[in-house]
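Engineer: Next comes the sequence, and after it the predicted model I'd like to discuss.
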Amino acid sequence: MPEALPQIPQALQMLDDQPSVRDFLARAVVEGRLSHAYLFLGAPGSGKTDAALGLAQCIVCPNGGCGSCDECIRVRHRTHPDVRLIEPESATGYLVDQVRELIEDVALAPVRGVAKVYILTNVGLLRREAANALLKTIEEPPSGVTFILIGRTVDAILPTIVSRCQRVPFRIVSEGTAERRVMQKIGASQTEARIALAVASTPERASELLQSSGRRQVRRLMVRTIGELAHDDEWDVLCAAKALVEAVLEAQGRLPSKGRSKDDPVKRELERRIEGQEDYLSKGAITQIEKSVRRELTARERSGMMEALAAAQSLLRDVLTCCEGIDAPIVNQDVSDVVERIAANTCTGGVVRALEAVAQAGNAISHNVNTQLAFEVMLLAIKEALACPPSYR
(Lines give C-alpha, C1' and ligand atoms only; values in the text may rest on other atoms or scores of the structure.)
Protein backbone atom coordinates (compact mmCIF):
# COMPACT_ATOMS: atom_id res chain seq x y z
CA MET A 1 0.00 0.00 0.00
CA PRO A 2 1.23 3.53 -0.78
CA GLU A 3 2.50 5.52 2.16
CA ALA A 4 -0.20 7.75 3.64
CA LEU A 5 0.23 11.42 2.97
CA PRO A 6 1.12 13.59 5.96
CA GLN A 7 -1.06 16.36 7.23
CA ILE A 8 -0.26 19.32 5.00
CA PRO A 9 0.74 22.44 7.00
CA GLN A 10 -1.42 25.41 6.11
CA ALA A 11 1.65 27.32 4.88
CA LEU A 12 2.25 24.65 2.22
CA GLN A 13 -1.32 24.19 1.03
CA MET A 14 -0.87 26.88 -1.60
CA LEU A 15 1.39 24.38 -3.42
CA ASP A 16 -1.55 22.38 -4.78
CA ASP A 17 -0.22 22.95 -8.31
CA GLN A 18 3.03 21.24 -7.25
CA PRO A 19 1.68 18.19 -5.37
CA SER A 20 4.99 16.30 -5.38
CA VAL A 21 6.83 19.29 -3.93
CA ARG A 22 4.04 19.94 -1.41
CA ASP A 23 3.98 16.36 -0.15
CA PHE A 24 7.77 16.07 -0.03
CA LEU A 25 8.16 19.25 2.03
CA ALA A 26 5.16 18.38 4.22
CA ARG A 27 6.69 15.02 5.15
CA ALA A 28 10.00 16.68 5.98
CA VAL A 29 8.26 19.23 8.22
CA VAL A 30 5.87 16.84 9.98
CA GLU A 31 8.51 14.13 10.51
CA GLY A 32 11.23 16.58 11.56
CA ARG A 33 13.54 15.63 8.68
CA LEU A 34 14.28 19.07 7.26
CA SER A 35 17.54 19.46 5.39
CA HIS A 36 19.95 22.30 6.16
CA ALA A 37 20.03 23.31 2.47
CA TYR A 38 17.54 22.96 -0.40
CA LEU A 39 17.88 23.74 -4.09
CA PHE A 40 14.52 24.56 -5.74
CA LEU A 41 14.77 24.03 -9.51
CA GLY A 42 12.27 24.92 -12.23
CA ALA A 43 11.07 27.36 -14.84
CA PRO A 44 10.03 30.93 -13.97
CA GLY A 45 6.41 31.00 -12.86
CA SER A 46 6.48 27.52 -11.29
CA GLY A 47 6.12 28.99 -7.79
CA LYS A 48 9.61 28.35 -6.37
CA THR A 49 9.79 31.59 -4.37
CA ASP A 50 6.29 31.11 -3.00
CA ALA A 51 7.24 27.58 -1.96
CA ALA A 52 10.41 28.86 -0.29
CA LEU A 53 8.40 31.36 1.74
CA GLY A 54 5.90 28.65 2.63
CA LEU A 55 8.68 26.38 3.88
CA ALA A 56 10.20 29.32 5.78
CA GLN A 57 6.87 29.77 7.57
CA CYS A 58 6.96 26.13 8.64
CA ILE A 59 10.50 26.57 9.98
CA VAL A 60 10.02 29.73 12.05
CA CYS A 61 6.39 29.15 13.09
CA PRO A 62 6.01 27.65 16.59
CA ASN A 63 3.07 25.62 15.21
CA GLY A 64 4.86 24.19 12.19
CA GLY A 65 3.42 26.52 9.55
CA CYS A 66 -0.08 27.40 10.74
CA GLY A 67 -0.23 30.27 8.24
CA SER A 68 -2.07 32.61 10.61
CA CYS A 69 0.28 33.50 13.48
CA ASP A 70 2.41 36.64 13.59
CA GLU A 71 5.51 34.71 12.50
CA CYS A 72 3.79 33.29 9.41
CA ILE A 73 2.23 36.62 8.48
CA ARG A 74 5.58 38.37 8.70
CA VAL A 75 7.22 35.75 6.49
CA ARG A 76 4.39 35.96 3.96
CA HIS A 77 4.73 39.76 3.87
CA ARG A 78 8.53 39.41 3.66
CA THR A 79 9.07 41.40 6.85
CA HIS A 80 10.32 38.68 9.21
CA PRO A 81 13.80 39.60 10.52
CA ASP A 82 14.90 35.95 10.64
CA VAL A 83 13.85 35.14 7.06
CA ARG A 84 15.96 36.88 4.44
CA LEU A 85 15.15 36.89 0.74
CA ILE A 86 18.41 37.67 -1.04
CA GLU A 87 18.96 38.66 -4.67
CA PRO A 88 22.16 39.42 -6.62
CA GLU A 89 23.23 43.01 -5.98
CA SER A 90 24.97 43.23 -9.34
CA ALA A 91 23.63 42.65 -12.83
CA THR A 92 26.48 40.18 -13.33
CA GLY A 93 25.77 38.20 -10.18
CA TYR A 94 26.28 37.97 -6.45
CA LEU A 95 29.11 40.12 -5.09
CA VAL A 96 31.77 38.55 -2.88
CA ASP A 97 31.21 41.30 -0.28
CA GLN A 98 27.48 40.53 -0.37
CA VAL A 99 28.18 36.87 0.41
CA ARG A 100 30.66 37.74 3.17
CA GLU A 101 28.06 39.97 4.80
CA LEU A 102 25.59 37.08 4.56
CA ILE A 103 28.05 34.74 6.29
CA GLU A 104 28.51 37.26 9.11
CA ASP A 105 24.75 37.49 9.50
CA VAL A 106 24.42 33.70 9.68
CA ALA A 107 26.61 33.69 12.80
CA LEU A 108 24.21 36.03 14.65
CA ALA A 109 21.44 34.68 16.85
CA PRO A 110 17.85 34.84 15.55
CA VAL A 111 15.96 38.02 16.41
CA ARG A 112 12.52 36.53 17.15
CA GLY A 113 12.86 32.79 17.63
CA VAL A 114 15.21 29.82 17.37
CA ALA A 115 15.53 29.47 13.58
CA LYS A 116 16.75 31.50 10.61
CA VAL A 117 16.10 31.00 6.89
CA TYR A 118 18.09 32.41 3.97
CA ILE A 119 16.42 32.32 0.55
CA LEU A 120 18.82 33.02 -2.32
CA THR A 121 17.22 33.68 -5.72
CA ASN A 122 18.89 33.33 -9.13
CA VAL A 123 21.71 31.15 -7.80
CA GLY A 124 22.82 30.63 -11.37
CA LEU A 125 24.39 34.07 -10.83
CA LEU A 126 26.41 32.82 -7.86
CA ARG A 127 29.82 32.92 -9.54
CA ARG A 128 32.83 30.87 -8.52
CA GLU A 129 34.52 33.29 -6.10
CA ALA A 130 31.26 34.19 -4.34
CA ALA A 131 30.18 30.54 -4.31
CA ASN A 132 33.46 29.40 -2.78
CA ALA A 133 33.02 31.94 0.01
CA LEU A 134 29.59 30.45 0.77
CA LEU A 135 30.34 26.73 0.40
CA LYS A 136 31.41 25.88 3.96
CA THR A 137 28.51 27.85 5.45
CA ILE A 138 25.97 26.00 3.29
CA GLU A 139 27.59 22.65 4.03
CA GLU A 140 27.77 23.15 7.81
CA PRO A 141 25.50 26.02 8.87
CA PRO A 142 24.96 26.81 12.57
CA SER A 143 22.15 24.96 14.31
CA GLY A 144 18.72 26.33 13.34
CA VAL A 145 19.87 27.84 10.03
CA THR A 146 18.32 26.70 6.75
CA PHE A 147 19.30 27.72 3.22
CA ILE A 148 16.85 27.62 0.32
CA LEU A 149 18.49 28.26 -3.05
CA ILE A 150 16.40 28.99 -6.15
CA GLY A 151 17.51 28.40 -9.72
CA ARG A 152 16.31 27.25 -13.14
CA THR A 153 18.43 24.21 -13.99
CA VAL A 154 21.31 22.29 -12.45
CA ASP A 155 23.42 23.03 -15.54
CA ALA A 156 23.40 26.77 -14.75
CA ILE A 157 24.60 26.29 -11.15
CA LEU A 158 28.10 25.44 -9.96
CA PRO A 159 28.37 21.69 -9.15
CA THR A 160 29.97 22.47 -5.78
CA ILE A 161 26.77 24.30 -4.76
CA VAL A 162 24.45 21.63 -6.18
CA SER A 163 26.27 18.83 -4.31
CA ARG A 164 25.64 20.48 -0.94
CA CYS A 165 21.88 20.88 -1.35
CA GLN A 166 18.86 18.62 -1.51
CA ARG A 167 17.30 19.13 -4.93
CA VAL A 168 13.57 19.81 -5.27
CA PRO A 169 12.32 19.89 -8.91
CA PHE A 170 9.26 21.97 -9.84
CA ARG A 171 7.11 21.20 -12.89
CA ILE A 172 5.73 23.81 -15.27
CA VAL A 173 2.21 24.92 -14.35
CA SER A 174 -0.20 25.14 -17.30
CA GLU A 175 -1.89 28.44 -18.09
CA GLY A 176 -5.33 27.01 -17.42
CA THR A 177 -4.30 25.55 -14.07
CA ALA A 178 -2.77 28.86 -13.00
CA GLU A 179 -5.94 30.73 -13.98
CA ARG A 180 -8.14 28.33 -12.02
CA ARG A 181 -5.89 28.66 -8.99
CA VAL A 182 -6.27 32.46 -8.95
CA MET A 183 -10.02 32.26 -9.56
CA GLN A 184 -10.51 29.80 -6.70
CA LYS A 185 -8.20 31.62 -4.29
CA ILE A 186 -9.81 35.08 -4.39
CA GLY A 187 -12.96 34.68 -6.47
CA ALA A 188 -11.53 36.47 -9.49
CA SER A 189 -13.03 36.23 -12.97
CA GLN A 190 -11.11 34.43 -15.70
CA THR A 191 -10.30 37.75 -17.37
CA GLU A 192 -8.95 39.18 -14.12
CA ALA A 193 -6.89 36.05 -13.53
CA ARG A 194 -5.39 36.15 -17.03
CA ILE A 195 -4.47 39.82 -16.73
CA ALA A 196 -2.90 39.35 -13.30
CA LEU A 197 -0.90 36.30 -14.40
CA ALA A 198 0.40 38.17 -17.43
CA VAL A 199 1.77 40.81 -15.05
CA ALA A 200 2.75 38.79 -11.98
CA SER A 201 3.67 35.35 -13.44
CA THR A 202 2.70 33.04 -10.56
CA PRO A 203 -0.78 32.32 -9.13
CA GLU A 204 0.28 33.46 -5.66
CA ARG A 205 1.65 36.79 -6.87
CA ALA A 206 -1.23 37.28 -9.26
CA SER A 207 -3.66 36.82 -6.38
CA GLU A 208 -1.72 39.35 -4.31
CA LEU A 209 -1.81 41.82 -7.20
CA LEU A 210 -5.57 41.58 -7.53
CA GLN A 211 -5.93 42.20 -3.80
CA SER A 212 -3.71 45.29 -3.92
CA SER A 213 -5.44 48.49 -5.06
CA GLY A 214 -2.06 50.18 -5.44
CA ARG A 215 -0.64 47.53 -7.76
CA ARG A 216 -3.83 47.44 -9.83
CA GLN A 217 -3.58 51.23 -10.14
CA VAL A 218 -0.03 50.91 -11.51
CA ARG A 219 -1.27 48.60 -14.23
CA ARG A 220 -4.18 50.94 -15.09
CA LEU A 221 -1.83 53.93 -15.21
CA MET A 222 0.60 52.12 -17.51
CA VAL A 223 -2.24 51.18 -19.89
CA ARG A 224 -3.57 54.74 -19.92
CA THR A 225 -0.10 56.19 -20.43
CA ILE A 226 0.68 54.02 -23.45
CA GLY A 227 -2.80 54.62 -24.83
CA GLU A 228 -2.29 58.41 -24.74
CA LEU A 229 1.29 58.54 -26.06
CA ALA A 230 0.20 59.38 -29.61
CA HIS A 231 -1.25 62.70 -28.39
CA ASP A 232 1.37 63.55 -25.76
CA ASP A 233 4.27 65.94 -26.24
CA GLU A 234 7.69 65.33 -24.71
CA TRP A 235 6.82 67.13 -21.48
CA ASP A 236 3.67 65.03 -21.08
CA VAL A 237 5.74 61.88 -21.49
CA LEU A 238 8.26 62.96 -18.84
CA CYS A 239 5.43 63.76 -16.44
CA ALA A 240 3.83 60.38 -17.17
CA ALA A 241 7.11 58.58 -16.36
CA LYS A 242 7.33 60.44 -13.06
CA ALA A 243 3.72 59.55 -12.21
CA LEU A 244 4.35 55.87 -12.98
CA VAL A 245 7.42 55.69 -10.75
CA GLU A 246 5.55 57.41 -7.91
CA ALA A 247 2.61 55.02 -8.32
CA VAL A 248 4.95 52.03 -8.04
CA LEU A 249 6.64 53.49 -4.96
CA GLU A 250 3.30 54.21 -3.34
CA ALA A 251 2.07 50.67 -4.05
CA GLN A 252 5.24 49.28 -2.45
CA GLY A 253 5.04 51.57 0.60
CA ARG A 254 8.14 53.48 -0.43
CA LEU A 255 6.67 57.00 -0.41
CA PRO A 256 6.55 59.11 2.75
CA SER A 257 3.27 58.94 4.65
CA LYS A 258 0.77 61.67 3.81
CA GLY A 259 1.39 64.78 5.84
CA ARG A 260 4.88 63.57 6.82
CA SER A 261 7.19 64.88 4.10
CA LYS A 262 10.31 63.96 6.11
CA ASP A 263 9.08 60.48 6.85
CA ASP A 264 11.61 57.78 5.99
CA PRO A 265 10.01 54.51 4.75
CA VAL A 266 13.06 52.53 5.92
CA LYS A 267 12.86 54.00 9.42
CA ARG A 268 9.10 53.44 9.47
CA GLU A 269 9.48 49.78 8.51
CA LEU A 270 12.34 49.26 10.97
CA GLU A 271 10.25 50.66 13.83
CA ARG A 272 7.40 48.35 12.87
CA ARG A 273 9.62 45.27 12.88
CA ILE A 274 11.31 45.85 16.23
CA GLU A 275 8.25 47.21 18.02
CA GLY A 276 8.15 45.81 21.54
CA GLN A 277 11.65 44.33 21.23
CA GLU A 278 13.80 47.46 21.50
CA ASP A 279 15.00 46.63 25.02
CA TYR A 280 16.12 43.14 24.03
CA LEU A 281 18.01 43.91 20.82
CA SER A 282 21.63 44.99 20.72
CA LYS A 283 22.74 47.92 18.61
CA GLY A 284 24.43 45.48 16.24
CA ALA A 285 21.25 43.44 15.84
CA ILE A 286 19.22 46.56 15.08
CA THR A 287 21.82 47.60 12.49
CA GLN A 288 21.57 44.22 10.82
CA ILE A 289 17.78 44.44 10.74
CA GLU A 290 17.99 47.92 9.23
CA LYS A 291 20.33 46.65 6.49
CA SER A 292 17.90 43.82 5.82
CA VAL A 293 15.00 46.28 5.63
CA ARG A 294 16.86 48.45 3.11
CA ARG A 295 17.68 45.46 0.92
CA GLU A 296 14.14 44.12 1.05
CA LEU A 297 12.54 47.47 0.26
CA THR A 298 14.95 47.99 -2.63
CA ALA A 299 14.16 44.51 -3.97
CA ARG A 300 10.43 45.17 -3.54
CA GLU A 301 10.76 48.47 -5.41
CA ARG A 302 12.61 46.81 -8.28
CA SER A 303 9.99 44.06 -8.39
CA GLY A 304 7.26 46.71 -8.60
CA MET A 305 9.01 48.42 -11.50
CA MET A 306 9.37 45.10 -13.34
CA GLU A 307 5.68 44.42 -12.73
CA ALA A 308 4.82 47.76 -14.35
CA LEU A 309 6.97 46.82 -17.35
CA ALA A 310 5.19 43.45 -17.53
CA ALA A 311 1.88 45.33 -17.77
CA ALA A 312 3.27 47.36 -20.68
CA GLN A 313 4.56 44.22 -22.36
CA SER A 314 1.21 42.44 -21.99
CA LEU A 315 -0.67 45.38 -23.52
CA LEU A 316 1.72 45.65 -26.47
CA ARG A 317 1.51 41.92 -27.13
CA ASP A 318 -2.24 42.29 -27.43
CA VAL A 319 -1.70 45.15 -29.87
CA LEU A 320 0.64 42.91 -31.88
CA THR A 321 -2.03 40.18 -31.94
CA CYS A 322 -4.50 42.68 -33.44
CA CYS A 323 -1.99 44.05 -35.95
CA GLU A 324 -1.25 40.55 -37.18
CA GLY A 325 -4.92 39.63 -37.36
CA ILE A 326 -4.39 36.56 -35.17
CA ASP A 327 -7.65 34.84 -34.30
CA ALA A 328 -7.05 34.57 -30.56
CA PRO A 329 -8.53 36.39 -27.57
CA ILE A 330 -6.43 39.20 -26.14
CA VAL A 331 -5.38 39.16 -22.49
CA ASN A 332 -6.33 42.73 -21.59
CA GLN A 333 -10.00 42.42 -22.49
CA ASP A 334 -11.02 45.12 -20.02
CA VAL A 335 -9.15 47.70 -22.15
CA SER A 336 -9.89 46.23 -25.58
CA ASP A 337 -10.78 49.72 -26.83
CA VAL A 338 -7.26 50.94 -26.04
CA VAL A 339 -5.71 47.89 -27.72
CA GLU A 340 -7.82 48.37 -30.86
CA ARG A 341 -7.14 52.11 -31.02
CA ILE A 342 -3.38 51.66 -30.82
CA ALA A 343 -3.44 48.79 -33.34
CA ALA A 344 -5.45 50.89 -35.80
CA ASN A 345 -2.77 53.58 -35.83
CA THR A 346 0.44 51.59 -35.88
CA CYS A 347 2.13 48.68 -37.65
CA THR A 348 3.63 45.33 -36.74
CA GLY A 349 7.20 46.60 -36.96
CA GLY A 350 6.38 49.52 -34.70
CA VAL A 351 4.90 47.25 -32.02
CA VAL A 352 7.94 44.99 -32.17
CA ARG A 353 10.21 48.01 -31.64
CA ALA A 354 7.99 49.15 -28.76
CA LEU A 355 8.34 45.73 -27.12
CA GLU A 356 12.11 45.99 -27.55
CA ALA A 357 12.00 49.34 -25.71
CA VAL A 358 10.23 47.67 -22.78
CA ALA A 359 12.86 44.91 -22.68
CA GLN A 360 15.64 47.51 -22.75
CA ALA A 361 14.04 49.35 -19.83
CA GLY A 362 13.96 46.14 -17.81
CA ASN A 363 17.61 45.51 -18.59
CA ALA A 364 18.50 49.08 -17.58
CA ILE A 365 16.68 48.77 -14.25
CA SER A 366 18.39 45.45 -13.54
CA HIS A 367 21.70 47.28 -14.07
CA ASN A 368 20.66 49.86 -11.44
CA VAL A 369 19.90 52.66 -13.90
CA ASN A 370 17.67 55.35 -12.37
CA THR A 371 14.14 54.01 -12.72
CA GLN A 372 12.53 57.30 -13.75
CA LEU A 373 15.17 57.79 -16.45
CA ALA A 374 14.57 54.23 -17.67
CA PHE A 375 10.81 54.87 -17.84
CA GLU A 376 11.30 58.20 -19.64
CA VAL A 377 13.54 56.63 -22.29
CA MET A 378 11.14 53.71 -22.70
CA LEU A 379 8.00 55.83 -23.13
CA LEU A 380 9.67 58.15 -25.63
CA ALA A 381 10.90 55.12 -27.59
CA ILE A 382 7.43 53.52 -27.54
CA LYS A 383 5.84 56.77 -28.74
CA GLU A 384 8.27 56.97 -31.64
CA ALA A 385 7.96 53.28 -32.49
CA LEU A 386 4.16 53.21 -32.56
CA ALA A 387 4.04 56.26 -34.86
CA CYS A 388 4.82 54.12 -37.92
CA PRO A 389 5.26 56.07 -41.16
CA PRO A 390 2.24 55.55 -43.45
CA SER A 391 4.38 53.69 -46.00
CA TYR A 392 5.00 50.94 -43.46
CA ARG A 393 1.36 50.42 -42.47
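Structural biologist: Structure's in. What do you need?
Engineer: Look up phi and psi at the closest residue to residue 198 other than its chain neighbours.
Structural biologist: Among residues not flanking residue 198 along the chain, residue 314 sits closest, at 4.1 Å (Cβ to Cβ, 6 or more residues apart in numbering). Just so you know, the C-beta spots here come from the backbone N, C-alpha and C atoms, and that holds for glycine as well. With angles defined as degrees, to the nearest 10, residue 314 sits at phi -60, psi -40.
Engineer: got the contact list for residue 314?
Structural biologist: Each residue near residue 314 by Cβ atoms under 8 Å, 6 or more residues apart in numbering is listed here: 195, 198, 199, 331, 332.
Engineer: I'd say the last one and residue 195 touch.
Structural biologist: Translated: residue 332. Yes - using Cβ atoms under 8 Å, residue 332 is in contact with residue 195, at 6.0 Å.
Engineer: The two - which one has more neighbours?
Structural biologist: When neighbours are counted by other Cβ atoms under 10 Å, residue 332 and residue 195 differ, and residue 195 comes out ahead with 27 against 22.
Engineer: Same question for the strand or helix carrying the more buried one: list its buried residues.
Structural biologist: Using DSSP states H and E, residue 195 falls within helix 190-200. The neighbour-count check on helix 190-200 (16 or more other Cβ atoms under 10 Å) flags 192, 193, 194, 195, 196, 197, 198, 199, 200 as buried.
Engineer: that older thread, nearest to residue 226, of the contacts of residue 314?
Structural biologist: Using Cβ to Cβ, residue 332 is the member of the contacts of residue 314 that sits closest to residue 226, with 10.8 Å.
Engineer: I'd like the distance between that closest one and residue 130.
Structural biologist: 40 Å (Cβ to Cβ, to the nearest Å).
Engineer: strands paired with the lengthiest strand in the chain, and their directions?
Structural biologist: Counting by DSSP state E, the longest strand found in the chain is strand 145-151. According to DSSP bridges, strand 145-151 forms sheet pairs with strand 37-41 (parallel), strand 116-120 (parallel).
Engineer: Kindly tell me how buried residue 63 is, as a neighbour count.
Structural biologist: Residue 63: 15 neighbours (other Cβ under 10 Å).
Engineer: Then it would be within a helix, right?
Structural biologist: No - Residue 63 is assigned coil when assessed by DSSP: H, G, I helix; E, B strand; the rest coil, not a helix.
Engineer: so who does it touch?
Structural biologist: Contact partners of residue 63, counting by Cβ under 8 Å, 6+ apart, are residue 69.
Engineer: ok so, going back, the helix holding residue 195 packs against which elements?
Structural biologist: helix 175-186, helix 203-210, helix 283-323 (3 or more Cβ pairs under 8 Å, 6 or more residues apart in numbering; DSSP states H and E).
Engineer: what's the most buried one of these?
Structural biologist: Among these, judged by mean count of other Cβ atoms under 10 Å, the one packed with the most neighbours on average is helix 203-210 (a mean of 23).
Engineer: how many degrees apart are that one and helix 175-186 in direction?
Structural biologist: Helix 203-210 and helix 175-186 are oriented at 50 degrees to each other (axes from the mean of the first three to the mean of the last three Cα atoms, to 10 degrees).
Engineer: Now the following helix or strand past helix 203-210: buried residues?
Structural biologist: Of the helices and strands lying after helix 203-210 in sequence (DSSP H and E), the nearest is helix 213-228. Across helix 213-228, burial judged by 16+ other Cβ under 10 Å covers 215, 216, 218, 219, 221, 222, 223, 225, 226, 227.
Engineer: And these, which is closest to residue 174?
Structural biologist: After measuring these against residue 174 - Cβ to Cβ - the closest member comes out as residue 219, at 23.5 Å.
Engineer: Secondary structure element for residue 29, which one?
Structural biologist: Assigned by DSSP H and E, residue 29 falls in helix 19-30.
Engineer: circling back to that earlier point, quick one: buried residues of the helix or strand just after the longest strand of the chain?
Structural biologist: Using DSSP H and E, the helix or strand that follows strand 145-151 in sequence is helix 159-162. Across helix 159-162, burial judged by 16+ other Cβ under 10 Å covers 161, 162.
Engineer: Export the helices and strands packed on helix 190-200 as JSON lines, with columns for distance to residue 31.
Structural biologist: Putting these into JSON lines (distance: least, Cβ to Cβ, whole Å) gives the following:
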{"stretch": "helix 175-186", "distance to residue 31": "27"}
{"stretch": "helix 203-210", "distance to residue 31": "25"}
{"stretch": "helix 283-323", "distance to residue 31": "31"}
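Engineer: mind showing which ranges of the stretch 1-150 of the chain have poor pLDDT?
Structural biologist: Per-residue confidence for the stretch 1-150 of the chain (pLDDT under 70) gives these ranges: 1-6, 91.
Engineer: Which positions in stretch 102-112 come out as buried?
Structural biologist: Quick answer for stretch 102-112 (16+ other Cβ under 10 Å): 102, 105, 106, 110, 111, 112.
Engineer: and which of the residues you listed is nearest residue 54?
Structural biologist: residue 112 (18.2 Å).
Engineer: Now for that closest one: which residues touch it?
Structural biologist: Residue 112 sits in contact with 60, 71, 80, 81, 82, 277, where contact means Cβ under 8 Å, 6+ apart.
Engineer: Next: residue 61.
Structural biologist: With Cβ under 8 Å, 6+ apart, residue 61 has these contacts: 11, 67, 69, 71, 72, 75.
Engineer: go on, residue 77?
Structural biologist: Applying Cβ under 8 Å, 6+ apart to residue 77 gives no contacts.
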